[in-house]
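**Student:** Fold the following for me, if possible:
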Amino acid sequence: MNKFAEYLNKYAAGKSVCILGFGREGRSTYVRLAQYCSVSRIAVADLNPVDRAKNELPDSVELICGADYQKRLDEFDIVFKSPGIVLEVPPEQHKCDITCETQIFFSVYRKQIIGITGTKGKSTTTSLIFHVLDKAGLDCRIAGNIGIPVFDIADSMNDDTIVVCELSCHQLEYMSVSPAKAVFLNLYEEHLDHYGTLEKYYAAKKNIYLYQQAGDVLWCDPEIKPDDIAAEIRTVSGSDERADVFVTGGVVRDSGGGEYAIPTDRVKLLGVHNHYNIAVAWDVCRSLVSREQFTEALCSFDPLAHRLEFVGISRDIRWYDDSISTACATAVEALKSVPQPATIIVGGMDRGIDYRPLVDFLSGFEVSVICMEASGKRVFGMTQTPDFSRPERVHYVPHLADAVQLAAEITPAGMSCVMSPAAASYGIFKNFEERGDAFKALVAGLE
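**Tutor:** Predicted structure coming up:
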């Protein structure tokens, strides 16, 4: 039995356990509990029905499903909460111990973990760091919000395995252990429908460094302004030369006089905002790999889907899918990054973020703007004023299909159209991936 199994068994043995949420992580939790622990009682609680036969759950596993699925949590000693579940009652008001996979896994392996969070760029940065370490031949794993539950990699862990772990605000919200190496990329208005304020959203994110110890390292944007912590802090900026690490003209520089020239003619990551992600990856990896190994891996790294992804050329227009965009800053960066931008498609679920920065930018950036859905309607209204330069170039259509059709009609041949919504997809699509796939299909249909 490895040290993870020993820790999990010691924690849960003889206890009554409820798995709250039975998606990918909930199923992963059940497998490890069944494998390593002799619990006194086990249940699965989910808003949606759980198919016992499909999930190979024995009769001994109690199913608690439906609208009242959170009403019985205090019947149990331990509740493993999945990241997508929003607690109806704060954890401190429960009698049970509410925990999660990430808390348990980090308690065992925190010294071997590079944890990455931030509003934007965390998937790209996580994947890039893992790609660099993997190509260099290091024993490493990737897990977390990237789509791989940490319990899924537990059996393959060795004492020298490095785990590169993407962490969402929901995974971090109730954490009380932080990784030895933490990356906090940036902080923008996001998930305000859940947290209400930027301060509460930040309070969830900051758990990535709040419990770090002496000898640990935190890489962060200078604007993060961490609380007084024991870890070494290395600030990273895409522009501020006062930071410990900064990028200017495609060259990563650090306060110690070191430089790394990004091979901009060879990398596949578009945009100067990705230079920041590369700078973070370089500083995190440079003590583990050589300059040559980093460069070779960087140039072979393929951008993730729906992140300024080149879809193709249709009707002599270059189309880019940036469905991951849910903030003003990412839409702005998309326009700055794609070649010869002529049209941008924005809009989606309206979560109440401030669109003034995007509207101000669009006023001075000569492109056609196609607004859609609820937030797009708000953006459109904000542009129809004398203060906005040429408001006639801004259009409103109800849905994505209408937006793609209009973009095909008004985007000049040889120019680019980018869908960078600056809004969430929920309520319209299942997630940003489904929105991006729908966009690609609509573009393909133009032919």
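**Student:** separation between residue 211 and residue 141?
**Tutor:** According to CB to CB, to the nearest Å, residue 211 and residue 141 sit 22 Å apart. In this view, the C-beta of every residue, glycine as well, is placed from N, C-alpha and C.
**Student:** Comparing those two, which shows the higher neighbour count?
**Tutor:** The neighbour comparison of residue 211 against residue 141 (other CB atoms under 10 Å) goes to residue 141, with 22 against 19.
**Student:** wait, residue 303 sits on residue 320?
**Tutor:** No - in this structure, residue 303 is not within contact of residue 320 by CB atoms under 8 Å, at 10.8 Å.
**Student:** Overlap of the contact sets of these two?
**Tutor:** Residues touching both residue 303 and residue 320 by CB atoms under 8 Å, 6 or more residues apart in numbering: residue 309.
**Student:** Those two - which one has more neighbours?
**Tutor:** residue 320 (24 against 18).
**Student:** OK, contacts around the more buried one?
**Tutor:** 308, 309, 310, 311, 334, 338, 416, 417, 418, 419, 420.
**Student:** mind showing which ranges of the stretch 201-350 of the chain have poor pLDDT?
**Tutor:** Of all residues in the stretch 201-350 of the chain, none has pLDDT under 70.
**Student:** For it, which segments count as helices?
**Tutor:** For the stretch 201-350 of the chain, the helices defined by DSSP state H, counting those that start in this stretch occupy 207-210, 272-285, 291-300, 328-337.
**Student:** Just put the ones you listed in CSV and tack on mean neighbour count and distance to residue 72.
**Tutor:** Output for the helices of the stretch 201-350 of the chain, formatted as CSV (neighbours: other CB atoms under 10 Å; distance: least, CB to CB, whole Å):
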stretch, mean neighbour count, distance to residue 72
helix 207-210, 24, 27
helix 272-285, 24, 43
helix 291-300, 16, 49
helix 328-337, 22, 41
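**Student:** do you know which of those helices lies nearest residue 126?
**Tutor:** If you check each of these against residue 126 by CB to CB, helix 272-285 wins as the nearest, at 9.4 Å.
**Student:** Extract the CA atoms of that closest one and return them as CSV.
**Tutor:** Taking Å, rounded to 0.1, in the frame of the first residue of the first chain, the C-alpha atoms of helix 272-285 are listed here in CSV:
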residue,chain,number,x,y,z
VAL,A,272,1.8,38.6,-26.5
HIS,A,273,-0.5,37.5,-23.7
ASN,A,274,1.0,34.0,-24.3
HIS,A,275,4.4,35.5,-23.9
TYR,A,276,3.4,36.0,-20.3
ASN,A,277,2.4,32.3,-20.0
ILE,A,278,5.7,31.3,-21.6
ALA,A,279,7.6,33.5,-19.1
VAL,A,280,5.9,31.8,-16.2
ALA,A,281,6.6,28.4,-17.6
TRP,A,282,10.3,29.3,-18.3
ASP,A,283,10.9,30.5,-14.7
VAL,A,284,9.1,27.5,-13.2
CYS,A,285,10.9,25.0,-15.4
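**Student:** relative to helix 291-300, how tilted is it?
**Tutor:** 140 degrees (axes from the mean of the first three to the mean of the last three CA atoms, to 10 degrees).
**Student:** what's the angle from helix 272-285 to helix 328-337?
**Tutor:** Using the same axes, to 10 degrees: helix 272-285 against helix 328-337 is 110 degrees.
**Student:** show me the contacts for residue 89.
**Tutor:** So residue 89 contacts 70, 73 (CB under 8 Å, 6+ apart).
**Student:** ok, so what distance separates it from residue 199?
**Tutor:** According to CB to CB, residue 89 and residue 199 sit 21 Å apart.
**Student:** And residue 438, by the same measure?
**Tutor:** In terms of CB to CB, residue 438 sits 34 Å off from residue 199.
**Student:** Name the nearest residue to residue 376, ignoring sequence neighbours.
**Tutor:** Of all residues not flanking residue 376 in the chain, residue 347 sits nearest, at 2.2 Å (CB to CB, 6 or more residues apart in numbering).
**Student:** Neighbours of residue 49, how many?
**Tutor:** 10.
**Student:** hang on, it packs against residue 64?
**Tutor:** No - between residue 49 and residue 64 there is no contact under CB under 8 Å: 11.0 Å.
**Student:** Next, format the helices of the stretch 201-350 of the chain as TSV and append distance to residue 13.
**Tutor:** Formatted as TSV, these follow (distance: least, CB to CB, whole Å):
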stretch	distance to residue 13
helix 207-210	27
helix 272-285	37
helix 291-300	42
helix 328-337	46
